[in-house]
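Q: Let's see this in three dimensions:
(chains A and B)
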Amino acid sequence: MPEILLPGFCDLGCAFGEPGFEQAETIRSGLAAAARGGWSVVAMEPFTDPAIDTDAQIQLVRHLAADSPCRLIPLAAATREKGALSEMALLREAGAGAVSLGDVLPGSAAFLRSVLEYAAQNDLTVFLHPCDPTLAAEGMVHEGPVAERLGLRGIPSLAEEIGLGTVLPLVKRTGARVHLSRLSTAQGVSMVRESRLAGLPVTADVSFRHLLQDESILEGFPSEWKLFPPLRSESDKRALWQGLLDGTLDAICSLHRPVPTEAKLAEFDVSPYGAIGLETCFSALRTAQPDIPPGQWILWLSTGPRRVLGLAPAIADREGTWWDIDATWVPGGANLASRSRNCPELGQTLRSVPTRLRRNGVDSPLPDPIRV
Amino acid sequence: MTKSAFGVPGSLSTRHLPGLRGLSGNDLVAILDSAQAFRDGFDSGEPVPASLSGVLVVNLFFENSTRTRLSFEAAEKRLGASPMNFSASLSSTTKGESLRDTVRNIQAMGADVFVVRHSCAGTPGFIASHTTAAVVNAGDGACEHPTQGLLDALTMRQRLGDLSGKRVAIIGDIRHSRVARSNIWALPTLGASIRLWGPATLLPRHPDAFGPAVTVAHSLEHALEDADAVMLLRIQHERQSSGLLPSLREYRHSFGLDESRLALAKPGALVLHPGPINRGVEVVSEVADNDHSVILAQVTNGVAVRMAVLHLLAGRKNA
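A: Model (predicted):
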């Protein structure tokens, strides 16, 4: 089959390691990984060391990303020290694409309300994963039959439901735009569906791995599948797909979280959450769901997420990637541009290989082409 | 007693013992039969095979334990081993050495068997993937404590005979208990059914995960009704401070086993406890020390079971 040209994908919330965790990923290596995964825009989470919460850091990050064929949109941390708002006006002027609260909500609904009020005034979308911190505390996997059999502390679906129960009324009262990152539950999808029908300014995404796997993969304690939010039940997975199909969910994200190899080679409890995903996202999706037409992938991986960031749809000729849709490749070793190797797809044969980048009508080779 | 009564080293279908979940009925019975032979040998004084002579056994205990470690040591020495004891607090793990490196270093010294206790579920399997030595789980987080499950099953089998159709009540902090889980996997394999009971905050939230032979009772009375054996789990004092239990006093009031409650079970019902007992909390002394109680028999059986496991998994065939 001939190659096809797809518009560049847009990732809402990948993590690179710079500054502070450069051994896991730098901005340079992360953007190289993004280009090899067909992404032309990535929104980078700010939870580095130090966190990206000042205008100077936004400028630095943009400078480090300047030469890449993949555009980096920095997300700024919405808060500084406990209980302090970040300087959202200055951050926005420096180029922050949005602000982020990360993986768990602040412990105080009153403070969350302040964050949303201030972000709304500064015309910034707040990215957050709607998870109640107390219900998620100490949990490692989905609270369900697998956790019960393995004796692992679980994070109940209730954590997301309670989180949304806090966030959605605050969105209604403040008028803030909120992007719900990495939904993982059927109840979450249902609550977002209702809120969108009611006209609330919320958008949502789901990670590709939460579409492809459920908690059953965790029998045997494979640390490469220890993710946050955790992989949940089969019925949650079905509801997430339904949410994509009916438009409740706007985007699929990579949930790219690089972790040094030695940190993952540890007991399950102490192994950090996360897996890299920029390079394998589309291939893994295409391998599992080969019959979904390109137009649908474009909606979920490009148009939808770009709309969340306030970007017009990508035109493939200006900002695209050529794909050999039926070629196969095996992630691993030199076949990954990421510095990290915490990849559940290592050693698997995946379908669809990016071959060239198209920028402003001109083709150029991928940095470090993939060996098929 | 013939050597064959103890079973043949290497005859199990598994190289390791990470847990009782998934252990075949044949392997389970083989271990119990071997353990019974070793137990009989304690009384008769007949010599047992020195199948661990020359075998390097390392007790890798990352969690404090006196009883289980002593029991394993007794088993290892009776089989002719000179075990090495690893204590996490005195080791390079305090200097930041990873578990994988710790295991690989000790393996490089020639370890043949690791007996592992660790606070993290899944650790025995993790260690097994990084060593060629046999791995025996001595307790991993809330996941499993297979030798405890085996000694519990052996103790019940000794007194009750065939466990098929027998009813066992397990009372206490089920949610956090590796002892409960190992029994939950082993007893239905032997044909028994289990009723669970305890404070709502300490019961499993997904008991259906354990299969149809395991149910949550409606009340303490329902759990104890016609039980052939009652297994009591130790209540850890920290459950109180973590908001899961109002007080030990209330636990004793609502869940403690006394003579009147024990009378709800079958006549002659056994009382088991993995130890150490909180006397006056899980069980009153009168019951802990009466004829129903097999708690001390459990301890003796524990040595026999650990001898059986080590002999079958790692023993020298020509001992």
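Q: As PDB, could you dump the C-alpha coordinates of stretch A:289-306?
A: These are the backbone C-alpha positions of stretch A:289-306, laid out as PDB (Å, rounded to 0.1, in the frame of the first residue of the first chain):
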ATOM      1  CA  GLN A 289      -7.700  -1.500  15.800                       C
ATOM      2  CA  PRO A 290      -6.700  -1.700  12.100                       C
ATOM      3  CA  ASP A 291     -10.200  -1.100  10.800                       C
ATOM      4  CA  ILE A 292     -10.600   2.400  12.300                       C
ATOM      5  CA  PRO A 293     -10.400   4.800   9.300                       C
ATOM      6  CA  PRO A 294      -7.600   7.500   9.100                       C
ATOM      7  CA  GLY A 295     -10.200  10.200   9.500                       C
ATOM      8  CA  GLN A 296     -11.200   9.000  12.900                       C
ATOM      9  CA  TRP A 297      -7.600   8.900  14.100                       C
ATOM     10  CA  ILE A 298      -7.100  12.400  12.700                       C
ATOM     11  CA  LEU A 299     -10.000  13.600  14.800                       C
ATOM     12  CA  TRP A 300      -8.800  12.000  18.000                       C
ATOM     13  CA  LEU A 301      -5.100  12.500  17.600                       C
ATOM     14  CA  SER A 302      -4.900  15.800  15.800                       C
ATOM     15  CA  THR A 303      -8.000  18.000  15.300                       C
ATOM     16  CA  GLY A 304      -9.600  17.300  18.700                       C
ATOM     17  CA  PRO A 305      -6.500  18.000  20.800                       C
ATOM     18  CA  ARG A 306      -5.600  21.000  18.700                       C
END
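Q: in the stretch 1-150 of chain B, which spans are helices?
A: If DSSP state H, counting those that start in this stretch is used as the criterion, the helices of the stretch 1-150 of chain B fall at B:25-44, B:67-78, B:99-108, B:123-128, B:146-160.
Q: ok, and what's touching the shortest one?
A: Outside helix B:123-128, the residues that touch it by CB atoms under 8 Å, 6 or more residues apart in numbering or on different chains are A:220-221, A:266-268, B:15-19, B:60, B:62, B:99-100, B:103, B:114, B:116, B:118, B:135-137, B:140-141. Every residue, glycine included, has its C-beta placed from N, CA and C.
Q: The second one now?
A: Helix B:67-78 is contacted by residues B:48, B:52, B:57, B:59, B:61, B:83, B:85, B:115, B:117, B:138-139, B:145, B:147-148, B:275-276, B:299, B:302-304, B:306-307, B:310 when judged by CB under 8 Å, 6+ apart.
Q: Could you pick out the buried ones from these?
A: B:48, B:52, B:57, B:59, B:61, B:83, B:115, B:117, B:138-139, B:145, B:147-148, B:299, B:302-304, B:306-307, B:310 (16 or more other CB atoms under 10 Å in any protein chain shown).
Q: Check which helix or strand A:His179 maps to.
A: Taking DSSP states H and E as the criterion, A:His179 maps to strand A:178-180.
Q: and after that strand, which helix or strand comes next?
A: Past strand A:178-180, heading to the C-terminal end, the next element that is a helix or strand (DSSP H and E) is helix A:186-197.
Q: What is that next one packed up against?
A: Identification of packing neighbours for helix A:186-197 by 3 or more CB pairs under 8 Å, 6 or more residues apart in numbering or on different chains; DSSP states H and E yields helix A:157-174, strand A:202-207, helix A:234-245.
Q: can you dump the C-alpha coordinates of the last one into CSV?
A: Output in CSV follows, covering the C-alpha atoms of helix A:234-245 (Å, rounded to 0.1, in the frame of the first residue of the first chain):
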residue,chain,number,x,y,z
GLU,A,234,-13.0,-4.0,31.0
SER,A,235,-16.3,-2.1,31.3
ASP,A,236,-14.4,1.2,32.0
LYS,A,237,-12.3,0.5,28.8
ARG,A,238,-15.5,0.0,26.8
ALA,A,239,-17.0,3.2,28.2
LEU,A,240,-13.8,5.2,27.2
TRP,A,241,-14.1,4.0,23.6
GLN,A,242,-17.8,4.9,23.6
GLY,A,243,-16.9,8.3,24.9
LEU,A,244,-14.5,8.8,22.0
LEU,A,245,-17.1,7.6,19.5
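Q: For A:Ala76, which residues are in contact?
A: By CB under 8 Å, 6+ apart, the contact set of A:Ala76 is A:46, A:52-53, A:58, A:86, A:88, A:91, A:96, A:98-100.
Q: Quick one: name the residues of chain B near chain A.
A: B:21, B:98-100, B:118-123, B:125-126, B:140-144, B:176, B:178, B:181, B:204-210 (CB under 8 Å from any CB of the partner chain).
Q: Could I have the buried ones of those as PyMOL selection syntax?
A: The PyMOL selection below is limited to those of the residues of chain B next to chain A classed as buried (16+ other CB under 10 Å):
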select buried, chain B and resi 21+98+99+100+118+119+120+121+122+123+125+126+140+141+142+143+144+176+178+181+204+207+209+210
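Q: which stretches of the chain aren't confidently modelled?
A: You didn't say which chain, so I picked chain A. Scanning chain A for pLDDT under 70 picks out the ranges A:368.
Q: my bad, chain B
A: Judged against pLDDT under 70, the low-scoring parts of chain B cover residues B:1, B:3, B:89-94, B:240.
Q: how about the nearest residue to the residue nearest the centre of it, chain neighbours excluded?
A: For chain B, the residue sitting closest to the mean C-alpha position, by CA atoms, centre = their mean, is B:Gln148 at 1.1 Å. Taking CB to CB, 6 or more residues apart in numbering or on different chains as the measure, B:Gln148 lies nearest to B:Val179, with 5.0 Å between them; neighbours along the chain are not counted.
Q: Surely the one you found is in a strand?
A: No. Checked against DSSP: H, G, I helix; E, B strand; the rest coil, B:Val179 lies outside a strand; its state is helix.
Q: close enough to count as contact, it and B:His273?
A: No. The pair B:Val179 and B:His273 does not pass the contact test of CB atoms under 8 Å, sitting 9.6 Å apart.
Q: Show me the common contact partners of the two, please.
A: B:Leu233.
Q: which of the contacts of helix B:123-128 are buried?
A: Here the buried ones among the contacts of helix B:123-128, as counted with 16+ other CB under 10 Å, turn out to be A:221, A:266-268, B:16-19, B:60, B:62, B:99-100, B:103, B:114, B:116, B:118, B:135-137, B:140-141.
Q: and B:Glu221, helix, strand or coil?
A: Under three-state DSSP, B:Glu221 falls in the helix class.
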